[in-house]
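Novice: sequence isn't available, so here's the structure alone:
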């Protein structure tokens, strides 16, 4: 069951959804979603230093990317074909009996900007700044400004509270991030190697 606007407000009041800083309902609350705003930290690929990404390589994927921090009123220019990691201004905490889903905004989609490639689900027990996989599928660069409404979150009720929520799961590599973290996929291969030894 997807939470309605009134259910989202009730869940925030009860502390089952925590958004910090507190949202402005008149600007951010939709009929069944709440918009979050773009932060000022981005992680971009350093194409000129690496010929390709090898997820089995010993080189951490984080070394193939660099963080870019933009100041207030200065845009981040998202070029056609670019894929960057960005995060919201807000910290989001979800209780053990809900999941969150990040969605793009139609107004940005009409410019060619997508906000997630695959990772739309935020597990029960999530706590941190949501990271987006921003891409430009359009033909023209798009200026994105910190503080603009960038994505919409919907929330769904689970049939029962999660037995092992994300914040208590051993493999929760992205919990509590304060900057967009690069993919940790190469660690899966490292774990496989370690088990074979």
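Specialist: Yep, that arrived. Nothing here was measured: the structure is a model prediction, and the numbers come from that model. Numbering: from 1, shown residues only.

Novice: so who does the residue most central in space within the chain touch?
Specialist: Residue closest to the average C-alpha location in the chain (C-alpha atoms, centre = their mean): residue 131, at 2.2 Å. Neighbouring residues of residue 131 by C-beta atoms under 8 Å, 6 or more residues apart in numbering: 85, 86, 87, 119, 174, 177, 180, 181. C-beta coordinates here come from the backbone N, C-alpha and C atoms, glycine included.

Novice: ok, now with 7 Å
Specialist: 85, 87, 177, 180, 181 (C-beta atoms under 7 Å, 6 or more residues apart in numbering).

Novice: give me the average confidence score over the lengthiest strand in the chain.
Specialist: Criterion DSSP state E: the longest strand present in the chain is strand 34-45. Averaging the model's pLDDT scores along strand 34-45 yields 96.

Novice: after that strand, next one along is what?
Specialist: strand 65-69 (DSSP states H and E).

Novice: which residues sit against that following strand?
Specialist: With contacts defined as C-beta under 7 Å, 6+ apart, strand 65-69 is touched by 40, 41, 42, 43, 44, 45, 46, 179, 182.

Novice: save the contacts of residue 131 as CSV, and put in distance to residue 156, secondary structure and neighbour count too.
Specialist: CSV is the format used below for the contacts of residue 131 (distance: C-beta to C-beta, whole Å; DSSP: H, G, I helix; E, B strand; the rest coil; neighbours: other C-beta atoms under 10 Å):
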residue, distance to residue 156, secondary structure, neighbour count
85, 25, strand, 20
87, 22, strand, 24
177, 23, coil, 14
180, 25, coil, 24
181, 25, coil, 17
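
Novice: which among these gets closest to residue 3?
Specialist: Proximity of those to residue 3 (C-beta to C-beta) peaks at residue 87, which lies at 22.9 Å.

Novice: from the contacts of residue 131, which shows the smallest pLDDT?
Specialist: residue 181 (67).

Novice: coming back round to it: which of the contacts of residue 131 sits closest to residue 33?
Specialist: residue 87 (18.3 Å).

Novice: who's in contact with the closest one?
Specialist: The contact partners of residue 87, by C-beta under 7 Å, 6+ apart, come to 39, 41, 129, 130, 131, 132, 180.

Novice: now the buried members of these.
Specialist: 39, 41, 129, 130, 131, 132, 180 (16 or more other C-beta atoms under 10 Å).

Novice: and the pLDDT at the third one?
Specialist: Right, residue 129. 95.

Novice: look up how far residue 123 lies from the spatially closest residue to it that is not a sequence neighbour.
Specialist: Nearest-residue entry for residue 129: residue 87, 4.5 Å, with adjacent residues in sequence omitted and distances by C-beta to C-beta, 6 or more residues apart in numbering. Residue 87 sits 17 Å away from residue 123, taking C-beta to C-beta, to the nearest Å as the criterion.

Novice: end to end, how far does stretch 59-69 reach?
Specialist: Terminal residues of stretch 59-69 are spaced 24 Å apart (C-alpha to C-alpha, to the nearest Å).

Novice: same question for stretch 82-101.
Specialist: One end of stretch 82-101 to the other measures 23 Å (C-alpha to C-alpha).
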